[in-house]
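Novice: Give me coordinates for this.
(2 chains)
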2 protein chains.
Amino acid sequence: MTERILSIQSHVAYGYVGGKAAALPLQCLGYDVDLINTVNFSNHAGYGRSGGSKTSAEELESIFQAMESNGFLLDHSRLLTGYIPNAEALGAVKTLAEKLRQKNPGMIYLLDPVMGDAGKLYVSPDVIPVYKSMLSLSTIITPNWFEVETLTSIPLTSLSALQKALTTLHKIYNVPHIAISSIPLADWLSHSLPSSIRPPEDPASKNENGNKYLLCITSSSIHQQGAEGVEGNQLPISDVHAQYVPLIPGYFSGVGDLFSALVLGHYLPFSSSSSSTSTSASASASSPSQSPLTNAVSQALSKTHFILLRTFSHSQSLPEEERQITDDEKDRKDPMRKIKRMRGRELRLVQSIDVIRGDRGGEEGEGKHHHHRDMLPWTGFWENKA
Amino acid sequence: MTERILSIQSHVAYGYVGGKAAALPLQCLGYDVDLINTVNFSNHAGYGRSGGSKTSAEELESIFQAMESNGFLLDHSRLLTGYIPNAEALGAVKTLAEKLRQKNPGMIYLLDPVMGDAGKLYVSPDVIPVYKSMLSLSTIITPNWFEVETLTSIPLTSLSALQKALTTLHKIYNVPHIAISSIPLADWLSHSLPSSIRPPEDPASKNENGNKYLLCITSSSIHQQGAEGVEGNQLPISDVHAQYVPLIPGYFSGVGDLFSALVLGHYLPFSSSSSSTSTSASASASSPSQSPLTNAVSQALSKTHFILLRTFSHSQSLPEEERQITDDEKDRKDPMRKIKRMRGRELRLVQSIDVIRGDRGGEEGEGKHHHHRDMLPWTGFWENKA
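Specialist: I've put the predicted structure just below:
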């Protein structure tokens, strides 16, 4: 049997964000994917102008209701939720997620609390409390650093803040697995890392913000079976791994949506008995320090990075007028300037099917020698009192 | 460069009809596919109950308008239109198709005049005149036999009726290429076929309607450069090919949508200079009697038939209660009876990615030895005065 995923997120006619960034990768990994569209837009918001509309909460409920009465909801072993633009719609999704969780306690729910990036919220602020109330339904969450700050109200400016944020998510919001998709590798963070995880030092080539890398962090809750800590020491509350990824210049849309889909697709907690038909998703030989989460995240990071590099290199190959750098003032004067840049930076997903599938026998060659790096254990994360 | 297709048809959350049946195959063949949803439903109508709504003409226009103002419409070298539920929405699509055709006279437009099947209309009847007025915009149309009858008002009960219908479509509606996706191989049709195309006779195993096979017919208009016919003989107005396909018992939804997408994906009129990245779509070594249309249709037929067989065999492997045969009376008493049957008959698309891609090096083996049969020329089609 093929596993079936219910994906609830945005739809755009043109380009690859939301459901358009998630469906193809998940299908290529062997999943049947049901797609509920929280918006129906012509294109993503980054273009500055778009047509179409948001799906109302009533409309979503009418779709959920029909799916339930047709008995489809029992078919889904996995749930993926992404961009949901306001509290009413998110409330409807929450009710559905509760129902699914109740019917199927073993369901794998990847909740991507899509709220914003780089310090800016791009959903209605009234979704924040709803997301907080939904976190305990999830199996995995995939916030970026800004979404971690938004959910925990803790600015991530030090190791102890990061410890506090993870503690809040695991202990107060009862999230089993967290993958912080990206956080700029600022000095405080780099200095906190074990040397095994730290990227090679090369201060000369740092970019204007001083950050040449992004860090991805996973944290899986450790259930302390009644233990209160030995000799007064606090036990670690989670198993933390990390991996740095070189920053690719400029902004790309849909990267978080692609990453989340790949994490869900590669997450195989019952690996030997997995029903996924994909060779790629199931053939991850894991070393002892790896868990189903770290395996999934390292595969997702590696494939996302590959697709980004391919997208970046495509955008660089375009005529000059289609790859003008971000300049808010010039963009305001000439809206087509930004639009052309955005078009050139749509994810090269279709061109990367072989890499997503992890094909080894392809004639193209490019996907053939594609390997992922393991996430590395962040030893001493919880001992380090910064 | 990857070619870009604009697909305008239905969206269902669950299962594979309309855009859900078209997008994955086209992406697997190497196309970027933009998806505009003419409806947003929970599932196809065959289930008997569904949630969601149709997209209004205004909403469609708002999406078209944004895509135009963002300059996306120049990106599409191909257009695919399918299920569009009423005349207002179809009118908006017509306006868009006219605009695209004007901007890009070389655009390949596959118009699937989705109106009904097996004698029943499942769109509003007011779409019929709009479709008639759009036919001249198309490159290829893919009606089933009922849609040919609906467009031409000619009941297909004899060879001369078929000749008249093709003449009407080519000469009055100016359609360059026609692929009649399926027509039951009734006696009149079978007897009209050259023996090279006729299936082996086996009257004992005919089904209750007397039809064990479906016939697919292609017809490409021949431009008679000023010639009026030699010695009073009428020249053939089109090049006709055909191929029979064994009928698979029971009803499957989305088959026509899948077929049309595969025809468009495999249609390569400029084969050597084709920009498709797919090895599968471009590696069709053609024999002298073959054209870009017959190549595309034979590939589409073969892959569609393979996926149908796989779907049928999956449905037969399900527990008995999920594969009860169609029985309108029993279905009325127990709606879940029909729903379960429908679920078991959703196309096995995700499970057939290797076949769609035409992978040869795959480890699975099943897609490896998959070959298509050429469409055979229907010699003497236009001479035969039945």
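Novice: Apart from its neighbours in sequence, what residue is nearest A:P269?
Specialist: A:P292 (4.5 Å; Cβ to Cβ, 6 or more residues apart in numbering or on different chains). Heads up, the C-betas are built off the backbone N, CA and C, glycines and all.
Novice: quick one: that neighbour and A:L135, what's the gap?
Specialist: Per Cβ to Cβ, to the nearest Å, A:P292 is found 20 Å from A:L135.
Novice: quick one on the thing from earlier: the residue nearest to A:P269 touches A:L264, doesn't it?
Specialist: No - assessed by Cβ atoms under 8 Å, A:P292 is found out of contact with A:L264, at 11.5 Å.
Novice: okay, those two: which has more neighbours?
Specialist: More crowded of A:P292 and A:L264, by other Cβ atoms under 10 Å in any protein chain shown: A:L264, with 27 against 19.
Novice: Tell me who's in contact with that one.
Specialist: Applying Cβ atoms under 8 Å, 6 or more residues apart in numbering or on different chains to A:L264 gives the contacts A:5, A:26, A:78, A:80, A:108, A:110, A:140, A:296.
Novice: name the element the fourth one belongs to?
Specialist: When elements are assigned from DSSP states H and E, A:L80 belongs to strand A:78-81.
Novice: From the rest of the structure, what touches that strand?
Specialist: A:3-9, A:22, A:26, A:31, A:93, A:97, A:100, A:107-112, A:260-261, A:264.
Novice: If I look at the residue nearest the centre of chain A, what pLDDT would I see?
Specialist: Among the residues of chain A, the one closest to the centroid is A:S260, at 3.2 Å (Cα atoms, centre = their mean). A:S260 is assigned 98 on the pLDDT scale.
Novice: which SS class is A:Q243?
Specialist: Classification of A:Q243 using DSSP: H, G, I helix; E, B strand; the rest coil returns strand.
Novice: who's it bridged to?
Specialist: A:C216 (DSSP bridges).
Novice: give me the low-pLDDT residue ranges for the stretch 151-300 of chain A?
Specialist: A:202-210, A:224-234, A:271-287 (pLDDT under 70).
Novice: can you map out the helices along it?
Specialist: Counting by DSSP state H, counting those that start in this stretch, the stretch 151-300 of chain A has helices at residues A:159-167, A:187-192, A:255-266, A:279-282, A:292-316.
Novice: Could you say which of the ones you listed is packed most deeply?
Specialist: Neighbour counts (mean count of other Cβ atoms under 10 Å in any protein chain shown) averaged over each of the helices of the stretch 151-300 of chain A peak at helix A:255-266, with a mean of 28.
Novice: what angle sits between that helix and helix A:292-316?
Specialist: Relative orientation of helix A:255-266 versus helix A:292-316 (axes from the mean of the first three to the mean of the last three Cα atoms, to 10 degrees): 140 degrees.
Novice: nearest residue to A:K338 other than its sequence neighbours?
Specialist: Distances taken as Cβ to Cβ, 6+ apart put A:D331 closest to A:K338, at 4.2 Å, once the chain neighbours are dropped.
Novice: And the helix or strand hosting the one you found, what does it pack against?
Specialist: Take DSSP H and E as the rule and A:D331 turns out to sit in helix A:328-333. Judged by 3 or more Cβ pairs under 8 Å, 6 or more residues apart in numbering or on different chains; DSSP states H and E, helix A:328-333 is in contact with helix A:335-344.
Novice: which is the next helix or strand following the helix it packs on?
Specialist: Remark: after helix A:335-344, the chain's next helix or strand is helix A:353-357, criterion DSSP H and E.
Novice: gap between that next one and the chain center?
Specialist: In terms of Cα atoms, centre = their mean, to the nearest Å, the centre of helix A:353-357 is found 18 Å from the chain centre.
Novice: Could you list every helix and strand that it packs against?
Specialist: Applying 3+ Cβ pairs under 8 Å, 6+ apart, we find helix A:353-357 packed against helix A:19-28, helix A:279-282, helix A:292-316.
Novice: how about CSV for the ones you listed, with distance to B:L169 added?
Specialist: CSV is the format used below for the helices and strands packed on helix A:353-357 (distance: least, Cβ to Cβ, whole Å):
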stretch, distance to B:L169
helix A:19-28, 35
helix A:279-282, 45
helix A:292-316, 41
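Novice: right, and those helices - which one's nearest B:R198?
Specialist: Closest approach to B:R198 among these (Cβ to Cβ): helix A:19-28, 38.9 Å.
Novice: Residues contacting the strand or helix carrying A:L100, please?
Specialist: Here A:L100, judged by DSSP H and E, is contained in helix A:87-103. Here helix A:87-103 makes contact (Cβ under 8 Å, 6+ apart) with A:6, A:8, A:38, A:54-57, A:60-61, A:64, A:68, A:73-74, A:76, A:79, A:81, A:84, A:107, A:109, A:111, A:124, A:126-127, A:129-131, A:133-134, A:137.
Novice: Which ones among those lie within strands?
Specialist: In strands, defined here by DSSP state E, the members of the contacts of helix A:87-103 are A:6, A:8, A:38, A:54, A:79, A:81, A:109, A:111.
Novice: Find me the pLDDT at the first one, would you?
Specialist: This points to A:L6. pLDDT for A:L6: 98.
Novice: Pull the number of nearby residues for A:S153.
Specialist: Using other Cβ under 10 Å, A:S153 has 10 neighbouring residues.
Novice: That should have said A:K120, apologies.
Specialist: Here the number of neighbours of A:K120 (other Cβ under 10 Å) works out to 8.
Novice: Just give the nearest non-adjacent residue to it, would you?
Specialist: Closest residue to A:K120 apart from its sequence neighbours, by Cβ to Cβ, 6+ apart: A:F146 at 7.8 Å.
Novice: thinking again about what came up before, can you pull the buried residues of the helix holding A:L100?
Specialist: By neighbour count on 16 or more other Cβ atoms under 10 Å in any protein chain shown, the buried set for helix A:87-103 is A:87-94, A:96-97, A:100-101.
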